[in-house]
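Enquirer: Okay, predicted coordinates and the sequence, questions at the end:
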Amino acid sequence: MSWKTAPLNSIALRLSALFILVAMAVFLLIGSALYRQVDRSLDLLPRAELNARFSVLESTLNRFGTPEHWAKINNKLNLLSEEDKRIRFWVVSSNPAFEYGHPSELVRAFGEGPQGMRDLRLPDRPYPYKVLVSELPALGERPPLRFLIGIDTETFWQAQHSLLVAIVGLAVLGVLLASLLGYWVARIGLRPLLALSNEAQALAPPRLDGRLQTQNLAPELAQFAGAFNAALDRVSQAYTQLEAFNADVAHELRSPLTNLIGQTQVALTRGRSAEHYFEVLQSNLEELERLRSIINDMLFLASADQGSKATALTQASLAEEVATTLDYLDYILEDAQVSVSVSGDAQAPIEKAQLRRALINLLNNAVQHTAPKQSIHVHIEAGPEQVSIAVSNPGPAIDDAHLPLLFERFYRVDAARSNSGGGNHGLGLAIVKAIALMHGGEVFVSSVKGENTFGIRLPATRRSGPSSPLLAT
Ligand SMILES: Nc1ncnc2c1ncn2[C@@H]1O[C@H](COP(=O)(O)OP(=O)(O)OP(=O)(O)O)[C@@H](O)[C@H]1O
Ligand SMILES: [Mg+2]
């Protein structure tokens, strides 16, 4: 992944989007609080100013009750209006001699209203006047008056407006800055991840020995890199096994093919009798059958690797299955002069054909490794969770180093037996293991006191096995 072409769901973009949201929320909160505070102060200002003006004028207004004196007041109000154009004065009275400011009908009606601070909208002004209405009692010739001091709120509105513009502008700028900074910070924060992914990109078959560096990594990434390395270990192990398997397959197929070609070439060097050809063909047939058996076994293991499960399960007696298998192996046992005893029994859900195949492999091995006149013992044990079938035969101890490997494909203790043409290609126990795994079970082996035991454990009741036998190895 490159930063230049960061897709929409990139972490850096998501983080900066979060930054934007957070910045927007913060600016909105601070901005509205600030605006409300300033707005309240701006509302207080004209009130304070009007009250101050009124308190200055009040005593003067209340002192004069004749039209002559009133003229002085008019002058004073004129002067004050001149001084500050925002301020306007009106005096509304039943006697025009005691009026001021040429109050229009609108002002007159407003003045007649309740006393105190109110907003007055004048037709020629865009913003309302804040007006303090006070009543002055009659004095001498003067009737009771309504005295109005108004202040144009335009400047306050404008101040408020510029404040709003400033706050919104600053917020937009702040959000913009926060998003840029957020993206930058996210990129810096994610840089180790990019380095890690570059490192990971360099790891590909056949170079599977490399691992991600976990030193000096942030703990979150070190954990990820550790898990990634562990996955690589497993992949690398599976890859090595696969490579070895391929080599073994080629090796195993080569010897029957070499035999076939050799025998056929020799037979063709000169004219032969029909009997000779018959013998050659028969020998070739044996080799071809051997080839077919290897290929069938490999196909079976391949389907097991792909997660094939024993599905056609039937509840059956294992002792009965052993007995049926022994019937099938009758001639082989007789040939080898080996006897078999069976003890115990258990019921388990099994796919009969598969279990018999496993039993044939186990018993065949036992027969091959038992001296004539000796006896093989099959012991079936029923447990609450699992049932087991153990096939034991007397024989020389198997080295501990071999035991865990015997169920591997093409593994034989005696390397000399491989490709000997004796019909053993080292897949028998691998198939036993695959069958056990397909049933959700496992295999076991032991070599104790001159007795070698190979067996399988199966679930006593129906349950699902591991998803892939290969991964379970
Ligand atoms: N009962 C046993 N006693 C001693 N060694 C055994 C026994 N069963 C298996 N082994 C060892 O385990 C190896 C692997 O057995 P496995 O059945 O997989 O292959 P194989 O018998 O050599 O060939 P295949 O079964 O494919 O014809 C054997 O070569 C043998 O060395
Ligand atoms: Mg075998």
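Expert: Looks like it came in fine. Ligands and ions are numbered 1, 2, ... in the order given.
Enquirer: Run through the residues of the protein sitting next to ligand 1.
Expert: 361, 365-366, 369, 393, 395, 398, 406, 411-414, 424-430, 452, 454 (C-beta under 6 Å from any ligand atom). Placement of C-beta: from N, CA and C, glycine included.
Enquirer: Now with 8 Å, please.
Expert: Neighbours of ligand 1 within the chain, by C-beta under 8 Å from any ligand atom: 297, 361-362, 364-366, 368-370, 391, 393, 395-396, 398, 402, 406-407, 409, 411-414, 417-418, 423-432, 447, 452, 454.
Enquirer: Please convert the buried members of those into ChimeraX selection syntax.
Expert: Provided next is the ChimeraX selection string for whichever of the residues of the chain next to ligand 1 are buried by 16 or more other C-beta atoms under 10 Å:
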select :297,361,362,364,365,366,368,369,370,391,393,395,398,406,407,409,411,412,418,424,425,426,427,428,429,430,431,432,447,452,454
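Enquirer: Next step: the residues of the chain next to ligand 1 restricted to strands.
Expert: Val391, Asn393, Ser447, Asn452, Phe454 (DSSP state E).
Enquirer: What's the local residue count around Leu329?
Expert: 20 (other C-beta atoms under 10 Å).
Enquirer: follow-up on the earlier one: mind putting the ones in strands among the residues of the chain next to ligand 1 in JSON lines, pLDDT included?
Expert: Formatted as JSON lines, those follow (pLDDT from 0 to 100):
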{"residue": "Val391", "pLDDT": "98"}
{"residue": "Asn393", "pLDDT": "97"}
{"residue": "Ser447", "pLDDT": "95"}
{"residue": "Asn452", "pLDDT": "96"}
{"residue": "Phe454", "pLDDT": "97"}
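Enquirer: Among those, which one sits closest to Ala200?
Expert: Phe454 (41.7 Å; C-beta to C-beta).
Enquirer: Start from the N-terminal end of this structure and give the strands.
Expert: 87-92, 116-120, 129-136, 145-152, 314-317, 339-343, 347-350, 375-382, 386-394, 442-448, 451-459.
Enquirer: In space, what's closest to the closest residue to ligand 1 within the stretch 51-200 of the chain - neighbours in sequence excluded?
Expert: Per C-beta to the nearest ligand atom, Ala200 is where the stretch 51-200 of the chain lies closest to ligand 1, at 37.6 Å. In this structure, Ala200 finds its nearest non-sequential neighbour in Leu212, 6.3 Å apart by C-beta to C-beta, 6 or more residues apart in numbering.
Enquirer: Contact partners for the one you found?
Expert: Leu196, Glu199, Ala200, Leu203, Ala225, Phe228, Asn229 (C-beta atoms under 8 Å, 6 or more residues apart in numbering).
Enquirer: need the contact list for the residue nearest to Leu355 when sequence neighbours are not counted.
Expert: Nearest in space to Leu355, with sequence neighbours left out and distances taken as C-beta to C-beta, 6+ apart, is Glu321 at 5.6 Å. Going by C-beta under 8 Å, 6+ apart, Glu321 touches Ile350, Lys352, Leu355, Arg356, Leu359.
Enquirer: residues near the residue of the stretch 101-250 of the chain found nearest ligand 1, how many?
Expert: The minimum distance from the stretch 101-250 of the chain to ligand 1, using C-beta to the nearest ligand atom, falls at Asp248 (11.6 Å). When neighbours are defined as other C-beta under 10 Å, Asp248 has 19 of them.
Enquirer: do you know how far the closest residue in space to it that isn't next to it in sequence is from Phe454?
Expert: Of all residues not flanking Asp248 in the chain, Phe410 sits nearest, at 4.0 Å (C-beta to C-beta, 6+ apart). Distance of Phe410 to Phe454, given as C-beta to C-beta, to the nearest Å: 17 Å.
Enquirer: Could you check how far the residue nearest to the spatial centre of the chain is from Ala204?
Expert: With distances taken as C-alpha atoms, centre = their mean, Phe224 lies nearest the centre of the chain, 12.1 Å away. Going from Phe224 to Ala204 by C-beta to C-beta gives 19 Å.
Enquirer: With Asp297 instead?
Expert: 31 Å.
Enquirer: Around ligand 2, pick out the residues from the stretch 251-400 of the chain.
Expert: Asn365 (C-beta under 5 Å from the ion).
Enquirer: Check the residue of the stretch 251-400 of the chain found nearest ligand 2 and give its pLDDT.
Expert: Nearest to ligand 2, among the residues of the stretch 251-400 of the chain, is Asn365, at 4.3 Å (C-beta to the ion). pLDDT, Asn365: 95.
Enquirer: quick one: low-confidence parts of the stretch 151-300 of the chain?
Expert: Applying pLDDT under 70 to the stretch 151-300 of the chain flags the ranges 205-207.
Enquirer: For Ile188, find the nearest of the strands of the chain.
Expert: Closest to Ile188 of those is strand 442-448 (C-beta to C-beta; 50.2 Å).
Enquirer: Can you list the buried residues in that closest one?
Expert: So, applying 16+ other C-beta under 10 Å, buried residues of strand 442-448: Glu442, Val443, Val445, Ser447.
Enquirer: just stretch 368-385 next, same as before
Expert: Quick answer for stretch 368-385 (16+ other C-beta under 10 Å): Gln368, His369, Thr370, Ile376, His377, Val378, His379, Ile380, Glu381.
Enquirer: That one - what's its average pLDDT?
Expert: Averaging pLDDT along stretch 368-385 gives 95.
Enquirer: first to last residue in it, what's the distance?
Expert: Start and end residues of stretch 368-385 are separated by 32 Å (C-alpha to C-alpha, to the nearest Å).
Enquirer: Also stretch 92-108?
Expert: First-to-last residue span, stretch 92-108, C-alpha to C-alpha: 6 Å.
Enquirer: Go ahead and name everything in contact with it.
Expert: 67, 70, 73-74, 77, 88-91, 111-112, 120, 122-123, 142-146, 148.
Enquirer: let's go with 10 Å and repeat that
Expert: Stretch 92-108 is contacted by residues 64-68, 70-71, 73-74, 77-78, 81, 88-91, 109-112, 120-123, 129, 131, 133, 135-136, 138-139, 141-148, 150 when judged by C-beta atoms under 10 Å, 6 or more residues apart in numbering.
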